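Visitor: sequence and predicted model, in that order:
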Amino acid sequence: MDAPREPGTLGLAVAAVARAIVPVVCPGCGRPDVRWCGDCAAPWWEAPYRSESGAGRLDVLGRAPLPTWSVAPLVGPPQLMVGAWKDGGRRDMDPFFRDAMARAVASLAGALHPISVVVPVPARPASTRRRGLDLPGLLAEAAASALSRTNGSVLVSRCLRNSGGEARGLGSRARWSGSALRADPRLAPGGRMALLVDDVVTTGASLARSCEALERAGVAVAAAVTLAATPPPGANRDLGP
Ligand SMILES: [Zn+2]
């Protein structure tokens, strides 16, 4: 828990005005007057863990699942925080999750040594429009920046496209499976080793489709890192109260 502070008169006045404009609560627990609390932020400082075993559809490539790391399981406060960031308009959390991704990738630098390009799994265009920001792109920039400290120059390539799945009227299942992904051949960083980055891995289907699309374009995919992962069925990781 954060230590109680004693703000000066000006600080109190500023806080009061800020609250009057935008009531702020921790999205993880509802604690008032903090953007996020120390308790709910703590899981995002943990070392990333291997999450591909929970993503049942990551193995559609017919070989070993893509090595995938995630920072926090998508349950409890972390799930509420990611939801607030993705769909609750909490643009003030952009630096928080950017930093969480950077820490995770920096801690994996040894395992990610051959990687020289980071590719975000594209969000649906409607989601990006609603958010006003490309969230996987933001995470990819953070990952590339962190990796470049050990791997030299690391590019971000936004070469993956949702190739008209929505416009062509594919059903929700097709969109959900990510089957409409393709790599733009003009942008694909052929010959490079890539890291895929996304906010969340659930079934792994989007990562698998991204991997396939990149490999068709001559880009080898070494691993994936996401902020959060849906825990495998039956998993009951204790996250505290
Ligand atoms: Zn909290």
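Guide: Sure thing, it's come through.
Visitor: output the contacting helices and strands for the helix or strand containing Leu139.
Guide: According to DSSP states H and E, Leu139 maps onto helix 135-151. Other helices and strands packing on helix 135-151, by 3 or more CB pairs under 8 Å, 6 or more residues apart in numbering; DSSP states H and E, are helix 94-107, strand 117-120, strand 155-156, strand 193-201. All C-beta atoms are positioned from the backbone trio N, CA, C, and that covers glycine.
Visitor: distance to the ion, mean neighbour count and mean pLDDT added to those, as JSON lines?
Guide: Output for those, formatted as JSON lines (distance: least, CB to the ion, whole Å; neighbours: other CB atoms under 10 Å; pLDDT from 0 to 100):
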{"stretch": "helix 94-107", "distance to the ion": "12", "mean neighbour count": "20", "mean pLDDT": "97"}
{"stretch": "strand 117-120", "distance to the ion": "28", "mean neighbour count": "28", "mean pLDDT": "97"}
{"stretch": "strand 155-156", "distance to the ion": "31", "mean neighbour count": "16", "mean pLDDT": "96"}
{"stretch": "strand 193-201", "distance to the ion": "19", "mean neighbour count": "24", "mean pLDDT": "97"}
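Visitor: now do Asp99 against Leu227, distance only.
Guide: Asp99 is 11 Å from Leu227, where distance means CB to CB, to the nearest Å.
Visitor: please apply the same query to Val24.
Guide: Distance from Val24 to Leu227, by CB to CB: 21 Å.
Visitor: who has more neighbours, these two?
Guide: Leu227 (27 against 17; other CB atoms under 10 Å).
Visitor: my guess is that one meets Val201, correct?
Guide: No - counting by CB atoms under 8 Å, Leu227 does not reach Val201; the two are 9.1 Å apart.
Visitor: shared neighbours, these two?
Guide: Ser70 (CB atoms under 8 Å, 6 or more residues apart in numbering).
Visitor: can you map out the strands along the chain?
Guide: 49-50, 68-73, 117-120, 155-156, 160-162, 181-183, 193-201, 220-229 (DSSP state E).
Visitor: run through who's touching the fourth one.
Guide: Put plainly, it is strand 155-156. 116-120, 137, 140-141, 144, 189, 192.
Visitor: who's Val25 bridged to?
Guide: Beta-bridge pairing for Val25 (DSSP bridges): Pro32.
Visitor: distance of it from the ion?
Guide: In this structure, Val25 and the ion are 8 Å apart, going by CB to the ion, to the nearest Å.
Visitor: re the thing from before, what comes up buried for the helix holding Leu139?
Guide: By 16 or more other CB atoms under 10 Å, the buried positions in helix 135-151 come out as 135-147, 151.
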